[in-house]
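1. Need a 3D model of the following:
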Amino acid sequence: MDKHGVPFEQMILSGAQNVDSGIGIYAGSHDAYYTFSDIFDRVIEDYHKHPKQAKHISNMDYTQLKCPPLSAEDASMIISTRIRVGRNFADFPLGPGISDQQRKQAFEYALRATKEFKGELAGKMYPLDSMSEVDRRKLIDDHFLFKE
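-> Predicted structure coming up:
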C-alpha cells in the first residue's frame, strides 16, 4: 500500500481486467513510484525508454518550448489546446486511488488556478457536469467536445 492508502491490487486492477492494455499498472499516487519502485522502474524504462538514473526535467515556461516551426497554413489550424492536470497535485492520489471527495477538491484547485491564467493562456474552463446546454452545444459544434 502506498502512503495514500492505495493498495497495489488497485494499481494493477485495470491491467488484470484489460489484459491487452499494453501496460496494465497505474500508480495510485506519486509515492507509489517509490514504494513499488522495483516494478515501476522497470515498467517506465521498458515502456517509456526512460532509465531510472535519467532525470526528468519540467519547465512550465511555455515561452521556452523548442517547437519545430509551423507553416502559416498549419499554424492557422490550431485553435486551442487542453491542459491535463490529473497528475499535477502532489498531495492527492492519482486516478486509481483518488476518492470522489479528493477528486472534487482537486477540481476546485484546478478551477481556481485556471482563472488566474493571463495572456495567451487565458481562457475558460468548462466543467462537464455543470456546463450550460448552450456552452455544450457550442463546444460540440466547434469540435472541442464529443457529442456523447
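
2. Quick check: mean pLDDT of the longest helix along the chain?
-> In the chain, with assignment by DSSP state H, the single longest helix is helix 100-114. Helix 100-114 comes out with an average pLDDT of 88.

3. and it, how far out from the chain's middle?
-> Centroid separation for helix 100-114 versus its chain: 13 Å, with CA atoms, centre = their mean, to the nearest Å.

4. go on, stretch 126-141?
-> Counting by CA atoms, centre = their mean, stretch 126-141 comes out at 21 Å from the chain centroid.

5. Only the buried residues of the worst-scoring helix or strand of the chain on mean pLDDT, if you could.
-> Least confident helix or strand, the chain: helix 100-114 with a mean of 88, by mean pLDDT, DSSP states H and E. By neighbour count with 16 or more other CB atoms under 10 Å, helix 100-114 contains the buried residues 106, 110. C-beta coordinates here come from the backbone N, C-alpha and C atoms, glycine included.

6. Kindly report the same for stretch 119-134.
-> For stretch 119-134, using 16+ other CB under 10 Å, the buried residues are M131.

7. List of residues touching that stretch?
-> 62, 80, 107, 110-111, 114-115, 117, 135-136, 139, 145 (CB atoms under 8 Å, 6 or more residues apart in numbering).

8. Please identify which pair of the residues you listed lies farthest apart.
-> Using CB to CB, these reach their maximum pairwise distance at Y62 and R136, which is 28.2 Å.
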